[in-house]
Structure formats: structure tokens, C-alpha cells
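Enquirer: 3D model of this:
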Amino acid sequence: MLRLENLAMVFGSGTPDENIALRSVDLRVESGDFVTIIGSNGAGKTTLYNAIAGSCVPSSGRIFMGVDHPGREITREAEYKRARYIGRIFQNPLLGTAGKMTLADNMMLCYKKGYKRLKISLNKRMREQFQEQLRVLDMGLENRLNDNVELFSGGQRQALTLLMTVMSRPSLLLLDEHTAALDPRNAELIMNLTLRFAGEHRLTVMMITHNMTHALEYGNRLLMMDSGEIILDIGAEEKAKLTTEGIVQRFRDIRRQELANDEIRLS
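Expert: Purely as a prediction, here's the structure:
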């Protein structure tokens, strides 16, 4: 589904402020994978997502997308074009929806995603379709189609963002700590919905998390990043036997230094 070849990202190259955010990253993600990604602040996780989503162009290397080998190269494809098949959900639950617009209008925009000059009116059939989709969230939002989304809680808006992203049928879903800003109850709800949608729609998912327990519990593969590199790539069988302390020890063995608890919470 996704292949990165020798991907590098350097900011301020040749200046005193030069920052190497990604260092020759090679990665292959198979269709249907659910990959969890951990690493301390500054490890390169979000920069990796920015390169995949097209928010920034890598300094060197290539990105391929698609189930056919070698896939279609998208290294320099515009972000808005990639948005047709790459969905991304951020930590801030307010970023995925338009607060000043009604719930119905938000869903209409999602429904029209990828179509040019498509005029669709919110008729009775479409309202019923939206209500049916919203019932899956079990939040009563199917009765609030005319309410502005800014009236909803953070948990409701993140659940709505997740639903609308899935409605747009992405090939790849990038989750950037999408539960970190939520209280424990809503975080659990969003994770349960994530697993449900990933299974029902056979999504390929990459999920950044600072919660090592979540990294071990969810998905079939775990990556650890440090200083712009992928230093651990653990498959399902080995992952099932790992503990949080085991990951920390692996980090010590590779980097010959301690992994501070305030960098990755061992919750």
C-alpha cells in the first residue's frame, strides 16, 4: 500500500540551524496493516506523516502508493490530490470539522470530497442516510443535523471527524495521536470506533501514539522512531510477547542511553 525509499527531510540545510528531521527512512506498509508508531518528541513521527500526506516535500527519497508493485510515485504530488486517498486525523479534535457550519453541511462536504462541480442538495433521502451513519457513533448526533458543530464536545467532534474520514473511503488512514486530547472515556470510545471502522472497511492504518500500552495492544505491527530514524520494526508475533519494559530495554540496547519516561508515557 505504501513504500518509502531512502526518505530524508532536512530543514535549514547548510545553515547553523540545520535540522535533519528524517534520515534515510525505508518503510513498506502492506494493505490492511495497522501500524502503531512511538517515539519521543522530535523523533520525526509528525514529519514522516507530513511527507506521506504531502504537507511538505522531502529533501530526497521517493514515496510510492498503491497495491501494485512498485506502486505509483507520489513524492511530489500535491497535498490536495493525496487527500482523495489519504485520510489524516490530528490530535486537536477541532481541526477535522468546520465549527461554524451545521453537522449536515459538514457531512455534505465530506460526501462531495473528490468530486468536481458536483451539486448535491440535502434532500430527505440524504438526511436519512446521514442519520443512519451517525447512529453508529451512539452519541445522539443523528438528531442534531441542523446544529452547528461548534456546539459539540471534543469527543463528539473527534468521533465525527473519524466517521467523515471513513466515509470518504481513504486507502490509508494516518492517525496523529488522535485520542491524546480527550478524557479517558472519550479516548476509549474513539479507539473502539477506530478498530471497528478499520475492520469493517479494511483500512490500512498508521497510528502515532505516546501511550506504549496502546502501541502494544492495538495493531499488527509496531515502529519506534528516534532522531529521524526507524530503529525498531516489530511484527505481530514478536509484538504479542513484548512488554513496555521490554521496549525500553530494546531502546537502551540500540541507542546506549535511557529513554526518559516524560518523553514516552509508560501508561
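Enquirer: so, low pLDDT: which residues of the chain?
Expert: 67-70, 112-121, 256-267 (pLDDT under 70).
Enquirer: the helices in it, which residues?
Expert: If DSSP state H is used as the criterion, the helices of the chain fall at 45-53, 79-82, 103-111, 124-135, 154-167, 184-200, 212-217, 236-239, 244-255.
Enquirer: nearest to residue 92, out of these?
Expert: Shortest separation from residue 92 across the helices of the chain is recorded for helix 154-167, at 8.7 Å, computed as CB to CB. C-beta coordinates here come from the backbone N, C-alpha and C atoms, glycine included.
Enquirer: which residues touch the closest one?
Expert: Under the contact criterion CB atoms under 8 Å, 6 or more residues apart in numbering, helix 154-167 has outside partners 87-89, 93-97, 103, 106-107, 110-111, 133-134, 136-137, 139, 141, 149, 152, 173, 178-179, 181-183, 185-186, 189-190, 193-194, 197, 201, 203.
Enquirer: give me the buried entries from these.
Expert: Buried residues within the contacts of helix 154-167, defined by neighbour count using 16 or more other CB atoms under 10 Å: 87-89, 93-94, 96-97, 103, 106-107, 110-111, 133-134, 136-137, 139, 141, 149, 152, 173, 178-179, 181-182, 186, 189-190, 193-194, 197, 203.
Enquirer: and the helices of the chain: which comes nearest residue 64?
Expert: In terms of CB to CB, the element of those nearest to residue 64 is helix 45-53, at 10.9 Å.
Enquirer: which helices and strands does that closest one pack with?
Expert: Other helices and strands packing on helix 45-53, by 3 or more CB pairs under 8 Å, 6 or more residues apart in numbering; DSSP states H and E, are strand 2-11, strand 19-29, strand 86-89, strand 172-176, strand 204-208.
Enquirer: what angle sits between the first one and strand 172-176?
Expert: Using axes from the mean of the first three to the mean of the last three CA atoms, to 10 degrees, one finds that strand 2-11 and strand 172-176 are set 40 degrees apart in direction.
Enquirer: start the count at 53 instead of 1 going forward.
Expert: I'll keep to 53 as the first residue from here, and by that count the last item is strand 54-63.
Enquirer: give me the sheet partners of strand 54-63 and which way each runs.
Expert: Within its sheet, strand 54-63 is paired with strand 71-81 (antiparallel), strand 112-117 (antiparallel), according to DSSP bridges.
Enquirer: CA atoms only for that strand, dumped as PDB, please.
Expert: Once non-C-alpha atoms are left out, strand 54-63 reads as follows in PDB (Å, rounded to 0.1, in the frame of the first residue of the first chain):
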ATOM      1  CA  LEU A  54       2.800   2.400   0.900                       C
ATOM      2  CA  ARG A  55       6.500   2.300   0.200                       C
ATOM      3  CA  LEU A  56       9.200   4.900   1.300                       C
ATOM      4  CA  GLU A  57      12.700   4.700  -0.200                       C
ATOM      5  CA  ASN A  58      15.600   6.400   1.400                       C
ATOM      6  CA  LEU A  59      13.400   9.300   2.600                       C
ATOM      7  CA  ALA A  60      15.100  12.300   4.100                       C
ATOM      8  CA  MET A  61      13.900  15.700   5.300                       C
ATOM      9  CA  VAL A  62      16.400  18.400   6.200                       C
ATOM     10  CA  PHE A  63      15.300  21.900   7.300                       C
END
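Enquirer: mind putting the helices and strands packed on helix 97-105 in CSV, distance to residue 131 included?
Expert: Listed next are the helices and strands packed on helix 97-105 as CSV, based on distance: least, CB to CB, whole Å:
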stretch, distance to residue 131
strand 54-63, 15
strand 71-81, 17
strand 138-141, 9
strand 224-228, 12
strand 256-260, 17
